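In: give me coordinates for this.
(2 chains)
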Amino acid sequence: MTDQLAPSAADAAPIKLTRKDFASDQEPRWCPGCGDYSILAQTQKVMPDFGIPREKIVFISGIGCSGRFPYYMNTYGFHSIHGRAPTLATGLKLARPDLMVWVVTGDGDALSIGGNHILHAMRKNVDIRVVMFNNRIYGLTKGQASPTSELGQKTKSTPVGSIDYPIHPLMIALAAEASFVARTVDTRVDHIQHVMERAGFHRGSAFVEVLQNCNIFNDGAYRVFTDRDVRDDRMLVLEHGKPMLFGKNRDMGLRLKGLRPEIVRIGEDGISEADILVHDETSEDPTIHNMLARIYWPEFPVPIGVIRNVPRLTHDQLVDVQVRDAIARHGPADLASLLRGGESWTVE
Amino acid sequence: MLVRYASVPASAAPIPPVRRLRDPGGSPGSVTTTKGHDVPVQELDRVTIRFAGDSGDGMQLTGTQFTRATAVFGNDISTLPDYPAEIRAPAGSLPGVSGFQISFSSSDIHTPGDAPDVLVAMNPAALRTNLKDLVPGGAIIVNSDAFTPPNLAKAGYASNPLGDGSLKPYMVFEIPVSTLNARALEGLDMTSKQVDLTKNFFALGVMFWLFERSMESTLRWIEEKFGGRAIIAEANRRALNAGYAFGETTEIFHTRYLVPAALLAPGTYRNVTGNEATALGCVVASALADRPLVYASYPITPASEILHQLSGYKSHGVKTFQAEDEIAAIGAAIGASYGGALGLTGTSGPGMALKAEMLGLAVMVELPLVVVNVQRAGPSTGMPTKTEQADLFQALYGRNGESPLPVVAPASPAECFDMAIEAWRIALKYMTPVVYLSDALLANGTEPWRIPELEELPDLRVPDRTERAGFLPYDRDPETLARPWVVPGTPGLEHRIGGLEKLDGLGTVSYDPDNHHRMSLLRAEKVARIARDIAPLEVFGPPQGDLLILGWGSTYGAIRSAVERLQARGKKVAHAHLRHLHPFPSNTGEVVRSYRTVLIPEINLGQLRTVIRAEFLVDAVGFNLVRGKPFAISEIEIKAEQLLGDL
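Out: Residues are numbered from 1 along each chain as shown, chains lettered A, B, ... in the order given. This is a model prediction of the structure:
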């Protein structure tokens, strides 16, 4: 994979760690049955695969249920303030390009109070992995509408239904020029592992939306397409270089009709696999990626997997280039001449 | 200039009458010699010139060039630009006037001068907006070509002041600058608009001749700036030389003026603005601490120059980050400090308001951080280019919860360098965010700065904690109460920090009532202990007496000058100036209780006064003007005289 540029932290001596090494001594405290437990477990499971020592890894969070995540990872961690985790991560990466930095956030944290920071961390291609738990509700404050709550959704703050149109998180990430955009779902254990691993190996701004069930305030938000008996027909598992096929029998697929996608069935009306769109996550042109970020159940299957993955120089790499250029041009730092400036004079 | 480098002893020796330009024939002691074309040269002690013109006339550049030449000549100087917030207000209009004031002297001076002796007015609007400030009998040099009926109308003049006798109280020198300059540039392949853009250098040439300054530094600047564009360089050179030659040949000037060099302490000097000195101080602090500097900031007047300066220091390993907003800027700075760097952010009042929550986080996670607030007139957007000192309460108290942090404030442009290093010393030693309160007057004003030898400066190195044995994230140094600085990448010390209350020592999340009380006290005590570690409050003048004038920040110059004048008249008046606003130097209470009256002039409605009264139960008197401009020396002098009269 072109994106699998090993993080520089991987240059350290190879080490063998296990899932247990990444579990801190703190007992996770989310509601029983919360989707966050699954995300935590799968994250701890893939961490050893990066070959990066624990001390070189930092998890930074904002406020919300997702904000507790760093306490449960036996790495360095920073539980910051509401919506602002990307800013701390950006500053940390600026000072310490050698670290692997993860941001854990939620739909309210990332897309409401912290919307601006997500946009800019992504567009600057800061080498961070943003994992956004999307449960379409404010959980920690006990059940108000979030920016991803559905139109008409009844919550404590919208007792007769939300009148706000929801945000499509992946559209935001694409619009902000994130160099890696993916979606996964808390109930598909193998898939979370796969996506987290891909995000971990990516160099640059990675945005991962995890569809996560809040069983207390918004239970079953995704069941209509994630339940085991319907999920194959209602979700599209993307794989790079493979046709966009779905369905229990993998006989349904997406093709373009003009500018719009349509669902077709292999074998009907002379449709063959050759007619089906082939997923190219590395395409610089984002047209198909935008389409995949926008389509949703019930009109279309919900795409999961890596939607976009383009190699780009990262923010810290570009900063480093400028520092090296400056040193090459002006020579190494000479504090005395800096202080003298352009015009100085001496009094005897 | 900076008092600690001044060669003039801080005693109350009688001051001889100052020889100023407006004295016809010179006051006793003035020296008159003859030079050049038989034009007598009059020696003066101090001159204040204001260059004023349309904001497109290049007045800031003209003033800066005059300042450079004067600094190199060896005068003590103090300058202040005054420009409109609009980049280009309508040409010729009153709001579009841009000014630059320089005061230069043969002795130690502290302010850019109360009132100019000379006004250079490039158009009627510049004359109209600045005339009221000129001293009676002062000199006005005008570009008479600009006094056309349309320009006069735009400035609101019913009749031409050059002909109606209204300028009789002044010495007026009318020079057709535009015409003469255009003639000097004849033959160059330039549009008439391009030619007109160089007329400020003609005026500069006249001023160089009139005040016997060397054109060398400006000629060098032209070469550096326009070297690649031969015609533009030639045009500026010709304009400058033509102005100088005009002075030599014209008969309108009967006198040239010379302000001899000042007796500055030995050393190498340069001229700096407060923003430059702040930036340099932070770069040097980074070298002294042996850690990289990361500056994260969002553009805001009047702090943006710090970002511009620092972004040019990449070869010093300085990394700058233009953030998406004020919150991101301080967030990135905290992130950088978390990573072991010097995380710095800078802003002005409105941005400071946005940073408040992050400052609270920095207090809670106890990481070093410096936040520069270049104060401007508020509230809200206020007057962005105008100075004020009204963010003291915001710095001291503007956060939720019990959230103490140290606050420091430089007193002069050059002192910004020292106070930046001091802010970092405190931040690093005590693991705390520090607020550094500059203001628009310091930021844009200039004065000569004696460049220190690096050996004179403090060692700011602090160790990272790497020792595993007995490690607790919120363990404390028994003397400073600072917690250990453990940077990610340190094996075996992985731990979590954040904005939730910490268990004393262990640093895990705690809701225990007694622990919260103890941690609140510890955070307050840590900051309070800094008082033991800062210079005592110095008093200029008698240690007890009738009146103490207590100040902070950029009012230093006006207060010190007023006190010098009062002392010269035998008044028992002292001046003390706070550089540390929280905590105060440990002798502050003793000082303020040693005088019958304490007067606190501030460019706010009495913020320091409120704190001093609350802290020391001293019935201090305020002198508060919020006009977006500095105090005049005479205003403080008159206020002090009133108080002394009432005693």
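In: got any ranges where the chain has weak pLDDT?
Out: All of this refers to chain A. A:1-15 (pLDDT under 70).
In: wrong chain, I was asking about chain B
Out: B:1-18, B:22-38, B:85-88, B:647.
In: most remote residue from the middle of it, which is it?
Out: Distance from the centre of chain B peaks at residue B:469, with 48.0 Å (Cα atoms, centre = their mean).
In: how close does that residue sit to residue A:151?
Out: Going from residue B:469 to residue A:151 by Cβ to Cβ, to the nearest Å gives 58 Å. In this view, the C-beta of every residue, glycine as well, is placed from N, C-alpha and C.
In: for the chain, what's the longest helix?
Out: No chain was given, so I picked chain A. What stands out as the longest helix in chain A, according to DSSP state H, is helix A:315-330.
In: try chain B instead
Out: helix B:230-249.
In: any idea how far chain A is from residue B:440?
Out: Distance of residue B:440 to chain A, given as Cβ to the nearest Cβ, to the nearest Å: 22 Å.
In: so what's that residue closest to, chain neighbours aside?
Out: Spatially, and ignoring its direct neighbours in sequence, residue B:440 is nearest to residue B:387 (3.9 Å; Cβ to Cβ, 6 or more residues apart in numbering or on different chains).
In: and residue A:138, by the same measure?
Out: The nearest residue in space to residue A:138 (Cβ to Cβ, 6+ apart) is residue A:144, at 4.3 Å.
In: which residues does that neighbour contact?
Out: Contacts for residue A:144 were tallied using Cβ atoms under 8 Å, 6 or more residues apart in numbering or on different chains; they are A:137-138, A:155-158.
In: next, give phi and psi for it.
Out: Phi and psi for residue A:144, reported as degrees, to the nearest 10, are phi -100, psi 160.
In: just the one 4 residues further on next, same as before
Out: Here the main-chain torsion angles of residue A:148 (degrees, to the nearest 10) amount to phi -110, psi 0.
In: could you report the neighbour count for it?
Out: Residues near residue A:148, counting by other Cβ atoms under 10 Å in any protein chain shown, number 25.
In: OK, contacts around it?
Out: A:107, A:111, A:134, A:136, A:166-167, A:169.
In: please apply the same query to residue B:405.
Out: B:359, B:362-363, B:432-435, B:527, B:582.
In: let's see that with 6 Å instead.
Out: Applying Cβ atoms under 6 Å, 6 or more residues apart in numbering or on different chains to residue B:405 gives the contacts B:363, B:432-433.
In: partners of the residue nearest to it when sequence neighbours are not counted in the sheet?
Out: Leaving aside its chain neighbours, residue B:405 sits nearest to residue B:433 (5.1 Å; criterion: Cβ to Cβ, 6+ apart). According to DSSP bridges, the residues that bridge with residue B:433 are residue B:369.
In: residue A:185 too?
Out: residue A:211.
In: cross-check the contact I'm expecting between it and residue A:211.
Out: Yes: with contacts counted by Cβ atoms under 6 Å, residue A:185 reaches residue A:211, the gap being 4.3 Å.
In: where do the strands sit along the stretch 1-150 of chain A?
Out: Taking DSSP state E, counting those that start in this stretch as the criterion, the stretch 1-150 of chain A contains strands spanning A:57-61, A:76-79, A:100-106, A:128-134.
In: point out the most buried one among these.
Out: strand A:100-106 (a mean of 30; mean count of other Cβ atoms under 10 Å in any protein chain shown).
In: could you export that one as PDB, CA atoms only?
Out: The C-alpha trace of strand A:100-106 is given here as PDB (Å, rounded to 0.1, in the frame of the first residue of the first chain):
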ATOM      1  CA  MET A 100       2.700   8.700  17.100                       C
ATOM      2  CA  VAL A 101      -0.300  10.900  18.000                       C
ATOM      3  CA  TRP A 102      -3.900   9.800  18.100                       C
ATOM      4  CA  VAL A 103      -6.900  12.000  18.800                       C
ATOM      5  CA  VAL A 104     -10.000  10.400  20.200                       C
ATOM      6  CA  THR A 105     -13.200  12.400  19.800                       C
ATOM      7  CA  GLY A 106     -16.900  12.300  19.500                       C
END
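In: could you check whether it is close to chain B?
Out: No: using Cβ under 6 Å from any Cβ of the partner chain, strand A:100-106 never reaches chain B; the gap is at least 8.8 Å.
In: ok, residues contacting that strand?
Out: By Cβ under 6 Å, 6+ apart, strand A:100-106 touches A:7, A:9, A:52, A:57-62, A:64, A:66, A:69, A:85-86, A:89, A:92-93, A:128-133.
In: close to chain A: what parts of the stretch 501-647 of chain B are there?
Out: Close to chain A, as judged by Cβ under 6 Å from any Cβ, the stretch 501-647 of chain B has no residues.
In: and chain B, which residues reach chain A?
Out: So far as Cβ under 6 Å from any Cβ goes, chain B lies against chain A at B:68, B:72, B:264, B:266, B:268-270, B:287, B:294, B:314-316, B:319, B:321, B:324-325, B:328, B:331-336, B:338-339, B:341, B:357, B:361, B:451, B:488-491, B:494, B:496-499.
In: in contact with the spatially most central residue of chain B, which residues are there?
Out: By Cα atoms, centre = their mean, chain B has its centre lying nearest to residue B:442, at 1.2 Å. By Cβ under 6 Å, 6+ apart, the residues touching residue B:442 are B:274, B:413, B:554.
In: kindly report the same for residue A:65.
Out: So residue A:65 contacts A:139-140 (Cβ under 6 Å, 6+ apart).
In: ok, now how distant is the closest residue to chain B within the stretch 101-250 of chain A from residue A:327?
Out: Closest to chain B within the stretch 101-250 of chain A is residue A:120: 3.8 Å, counting by Cβ to the nearest Cβ. Using Cβ to Cβ, we find residue A:120 at a distance of 27 Å from residue A:327.
In: more neighbours: the two, which one.
Out: Taking other Cβ under 10 Å, residue A:120 and residue A:327 do not tie; residue A:120 has more neighbours (20 against 15).
In: since that was my last question, I'll sign off now.
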